[in-house]
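Novice: based on what follows, work out the 3D shape:
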Amino acid sequence: MSGAAEVGDQLVGAFQDPGILLGIPLALAGAVFMSLGAQYQHRGVEKVEVLSGADGASGLSLNQIKRLLTRPSWLIGTLMLALAVVCQLAALVQAPLIVVQPLGAIALVITTLLNARVSGHAPTKQSMTAIACCVGGIFLFVFFAAIYATEQEVTDRQLFVILALLLVVIIILGGGWLILRRRMRALFYVIGAGVLYGFVATLAKVVIKRIEAGQFEWITAVCVLALIAAAAVGGYFVQTAYSSGPPDLVIAGLTVVDPLVAVLIGMVILGEAAAAPPWVMVIFAIAGAIAVWGVVGLARYHPQVISNTQDLGIVRGSSGTSSMPSDPHTGDKPDSSPR
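Specialist: Alright, predicted model coming up:
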C-alpha cells in the first residue's frame, strides 16, 4: 500500500509539472512528422535509384545524393523531418530526456499503418501483436519515467565522458562501414544511425540548456560540432538504409536504438533516474524489453519486410536460399511508385 501511495503522490506531482505536460505532446507531434518524413524520403531514394540505374544499398554515391536534392518527395520528407527535429528539441527543453526520447517509437506505429496503405500490404495478426507490445512497453516506460525522472545539471566531466563515448562509436562505425557495409546492408545503417541519433538527442539537450544558462564556453562549442557531425553521418546512414529496406524497417530500428542509447546516457551518465527506487528500475528494464520485442517482431513479421527478405539476407522458406530479386523496387507494389 505504501508503494502505491508513493506512486500516487509522485503521479500527482508529475502532472503538476508544466514542462512534462508540454514536452510529451511535442514529442508525439515530432513522431507524427518523423513517420511522414520517412515515407516521403523513402520514395525519393527509390526514385533516385531507378533513375541512376545503381543500387545504393551498400552506400549512396555522390551522384545519387545530388539527385536526391532535386526530388520533390525527398525534399518534402526532409521538411517533415526538420519539423520533427524542432518538435523533439522543444520537447527536450521542457521535459527530461528519458521521458521524451522513448515516445519516438510511436512513429513506428504510424509508419507501419501508413506504409501498409501506400504499399497495399495489410498488417497481419503477428505484426499487430508486435505493435501492441511496442506501444504497451513504451507507455509503461514513459508512465514511470514521467513520475520519477528528474533534471540534473550536466557537469563538464559528464560532457567529456559523452564526447569520448561518441568518438569511440564513430571509430567503430567507421571501421564497420569500411569492412562490413556490403554484407550487413540496411541493418548496419539503421543500427549505426540509431546509436548516433541517441548521442545527438543528448548533446542537443545539453547545448540548449547551457545556452539558456549563458554557459557557451569552448566545451559547448565542441558539443555543437560533435552534434552536427553525428547528425550528418546518421542522416547518410538513414538514406542508405532506405535503399535496401522499407521505411518500417528503418523506423523500427531507429525507434529502438535511438531511445535506448539516449535513455542509457540519461540514466547512467546524467543521473536523470537517480530518484527512482530499485523496483522502478526493474519496471524500466521489463518495459524496455517488451518494446524491443515488439519492434523486432514488427520488423520481422510485417508483410512488406517478408516480401523483401532477400534485401536483408535472411534465409526463409524450405529452399534455404537467399537471393536478390531482379528489381527490388517492383513486385507487388504497383501503386506505390515514388513521386
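Novice: need the helices for the protein, in chain order.
Specialist: 2-14, 18-52, 62-68, 72-94, 97-100, 106-119, 125-148, 156-212, 218-242, 247-264, 278-301, 303-307, 309-312 (DSSP state H).
Novice: tell me where the model's unsure across the stretch 151-300 of the chain.
Specialist: 181-182, 184-185, 298-299 (pLDDT under 70).
Novice: tell me how many other residues crowd the nearest residue to residue 74 once chain neighbours are set aside.
Specialist: Nearest residue to residue 74, sequence neighbours excluded (C-beta to C-beta, 6 or more residues apart in numbering): residue 44, at 2.6 Å. Quick note: C-beta positions are derived from backbone N, CA and C, even for glycine. Using other C-beta atoms under 10 Å, residue 44 has 25 neighbouring residues.
Novice: go on, residue 297?
Specialist: 19.
Novice: quick check: which of the helices of the chain is nearest to residue 272?
Specialist: Counting by C-beta to C-beta, residue 272 lies closest to helix 97-100 out of these; the figure is 5.3 Å.
Novice: which ones are touching residue 197?
Specialist: Shown in contact with residue 197 (C-beta atoms under 8 Å, 6 or more residues apart in numbering): 230, 231, 234, 254, 257, 258, 261.
Novice: need the helices of the chain in CSV (columns: distance to residue 270).
Specialist: Formatted as CSV, the helices of the chain follow (distance: least, C-beta to C-beta, whole Å):
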stretch, distance to residue 270
helix 2-14, 19
helix 18-52, 16
helix 62-68, 35
helix 72-94, 12
helix 97-100, 7
helix 106-119, 23
helix 125-148, 13
helix 156-212, 6
helix 218-242, 13
helix 247-264, 10
helix 278-301, 15
helix 303-307, 35
helix 309-312, 35
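Novice: which of those sits most buried?
Specialist: helix 97-100 (a mean of 29; mean count of other C-beta atoms under 10 Å).
Novice: report all helices and strands that that helix contacts.
Specialist: Counting contacts by 3 or more C-beta pairs under 8 Å, 6 or more residues apart in numbering; DSSP states H and E, helix 97-100 is packed against helix 18-52, helix 72-94, helix 125-148, helix 156-212, helix 247-264.
Novice: for it, list the C-alpha coordinates in CSV.
Specialist: What follows is helix 97-100, C-alpha atoms only, in CSV (Å, rounded to 0.1, in the frame of the first residue of the first chain):
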residue,chain,number,x,y,z
LEU,A,97,15.4,13.1,-21.8
ILE,A,98,14.2,9.7,-20.6
VAL,A,99,10.6,10.9,-20.8
VAL,A,100,10.7,12.5,-24.3
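Novice: so what touches it?
Specialist: With C-beta under 8 Å, 6+ apart, helix 97-100 has contacts from 20, 23-24, 26-27, 88, 91-92, 94, 142, 145-146, 149, 201-202, 205, 262-263, 265-267, 270, 272-273.
Novice: ok, now stretch 221-230?
Specialist: 159, 163, 166, 170, 196-197, 199-200, 203-204, 206-207, 210.
Novice: can you do 7 Å?
Specialist: 159, 163, 166, 196, 199, 200, 203, 204, 206, 207 (C-beta atoms under 7 Å, 6 or more residues apart in numbering).
Novice: over to stretch 203-219?
Specialist: Counting by C-beta under 7 Å, 6+ apart, 89, 92-93, 97, 154, 156, 159, 162, 220, 223-224, 226-227 sit against stretch 203-219.
Novice: and which of those residues is nearest to residue 295?
Specialist: Nearest to residue 295 among these is residue 97, at 19.7 Å by C-beta to C-beta.
Novice: what sits closest to that closest one if chain neighbours are left out?
Specialist: Nearest non-adjacent residue to residue 97, counting by C-beta to C-beta, 6+ apart: residue 266, 4.0 Å away.
Novice: my guess is that neighbour meets residue 272, correct?
Specialist: Yes. Under the criterion of C-beta atoms under 7 Å, residue 266 makes contact with residue 272 at 4.3 Å.
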